[in-house]
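A.B. asks: sequence and predicted structure are below.
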Amino acid sequence: AALAAAADRPPLVAAAKTADATVLRALLQKGADVNAAEADGTTALHWASYRDDGDSADVLIRAGAKVNAANDLGATPLHYAALNEDSGPLSALIAAGADVNARDKEGMTPLHMAAFATRLAQTKLLLAAGADIYAKNDLGRDPLSLARKVRADEVAGVISLWVLKG
């Protein structure tokens, strides 16, 4: 089954999945479909965002990648970028018009993801871009309650200050 899945993986997605920026650029220059997806809807931009590969994310966005493409889990590239250490892919996606309030199939927004992963820089960027601090996931949790649940005190503090400002 794994071999069949790899055989069905578009080459551009495979290059992004393995973080091979050289092959990714070469494929785009040869006209590869920037929005080609795996069977589950995962695109090269999802993988670049997941891999925290800001350079590849920039290249894909400039080539016309759909920043709000959702996979079968309902996750967009911004959901994955919100989990990472580096804020490069997140910033690029926001600048390209990614929906900061997109919800996955569990009602999680990118802000939920950043709060749960204790990502302070991503939390600040998402808040500044208009992320909904009151959005509740399917379990009724908002980003602040998730931050508190995982004892992400700095993230909880930033969200709390944002609530007071609002």
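C.D. replies: The structure has been received and is ready for your questions.

A.B. asks: look up the pLDDT of the residue most central in space within the chain for me, please.
C.D. replies: Nearest to the mean C-alpha position of the chain, counting by C-alpha atoms, centre = their mean, stands residue 78 at 2.4 Å. Residue 78 is assigned 97 on the pLDDT scale.

A.B. asks: cool, residue 7 as well?
C.D. replies: Confidence score, pLDDT, at residue 7: 54.

A.B. asks: from now on call the first residue 58
C.D. replies: New numbering, starting at 58: the last item is residue 64.

A.B. asks: in the protein, spot the helix with the most residues.
C.D. replies: Ranked by residue count and defined by DSSP state H, the top helix of the chain is helix 210-222.

A.B. asks: that one packs against which elements?
C.D. replies: helix 167-173, helix 177-185, helix 200-206 (3 or more C-beta pairs under 8 Å, 6 or more residues apart in numbering; DSSP states H and E). Glycine gets a C-beta too; all of them are placed from N, C-alpha and C.

A.B. asks: most tightly packed of these?
C.D. replies: helix 167-173 (a mean of 29; mean count of other C-beta atoms under 10 Å).

A.B. asks: hang on, the earlier thing: give the buried residues for the longest helix of the chain.
C.D. replies: 212, 213, 215, 216, 219 (16 or more other C-beta atoms under 10 Å).

A.B. asks: same thing with stretch 97-111?
C.D. replies: Those would be 99-111, for stretch 97-111 by 16+ other C-beta under 10 Å.

A.B. asks: so how far is it from its chain's centroid?
C.D. replies: 8 Å (C-alpha atoms, centre = their mean, to the nearest Å).

A.B. asks: start and end of that stretch, how far apart?
C.D. replies: 23 Å (C-alpha to C-alpha, to the nearest Å).

A.B. asks: so which helix or strand takes in residue 104?
C.D. replies: helix 101-107 (DSSP states H and E).

A.B. asks: then residue 117?
C.D. replies: Counting by DSSP H and E, residue 117 is found in helix 111-119.
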